[in-house]
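Participant: sequence-free structure coming up:
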């Protein structure tokens, strides 16, 4: 049986002045994970090495994203980061600059669990 996805969080980040795709992606990841807390993982006594984290970054120029650098930003689990075509570039013709906007999906997977039940209220 394959791992079970237990959470997916989305985030958005940008770099307004440096046209840096990795910086925009870093901010998108931060946006996604700062909205999450996963106390259930500690409650289940799951080893951190058993948790898998998959990050997908969408930017207009995925080849310019340093995925190795971004993988160090996640605090737990076995992390993989991939960059794909997505996001948005907004040009400012007067200044000759581009605002880079990145989107991120952070997914957490655990080994198959059984016996999970919601408490009766």
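Facilitator: Received the coordinates, thanks. Note that the coordinates shown come from a computational prediction; the quantities given were computed from them, not determined experimentally.
Participant: now for the longest strand out of those in the chain, which elements pack on it?
Facilitator: Determined from DSSP state E, the single longest strand within the chain is strand 97-110. Applying 3 or more Cβ pairs under 8 Å, 6 or more residues apart in numbering; DSSP states H and E, one finds that strand 97-110 makes contact with strand 4-15, helix 21-33, strand 52-59, strand 88-92. Where C-beta positions appear, they are placed from N, C-alpha and C, glycine not excepted.
Participant: next helix or strand past the longest one?
Facilitator: It refers to helix 21-33. Downstream of helix 21-33, the next assigned helix or strand under DSSP states H and E is helix 39-43.
Participant: list the contacts of that next one.
Facilitator: 6, 51, 76, 108, 110 (Cβ atoms under 8 Å, 6 or more residues apart in numbering).
Participant: where does this protein dip in pLDDT?
Facilitator: 1, 38, 40, 116-121 (pLDDT under 70).
Participant: center of it, which residue is that?
Facilitator: Nearest to the mean C-alpha position of the chain, by Cα atoms, centre = their mean, lies residue 106 at 3.3 Å.
Participant: so that residue touches residue 11, yeah?
Facilitator: Yes: at 7.1 Å, residue 106 counts as touching residue 11 under the criterion of Cβ atoms under 8 Å.
Participant: residues of the longest strand of the chain that come out buried?
Facilitator: Buried residues in strand 97-110, defined by neighbour count with 16 or more other Cβ atoms under 10 Å: 98-110.
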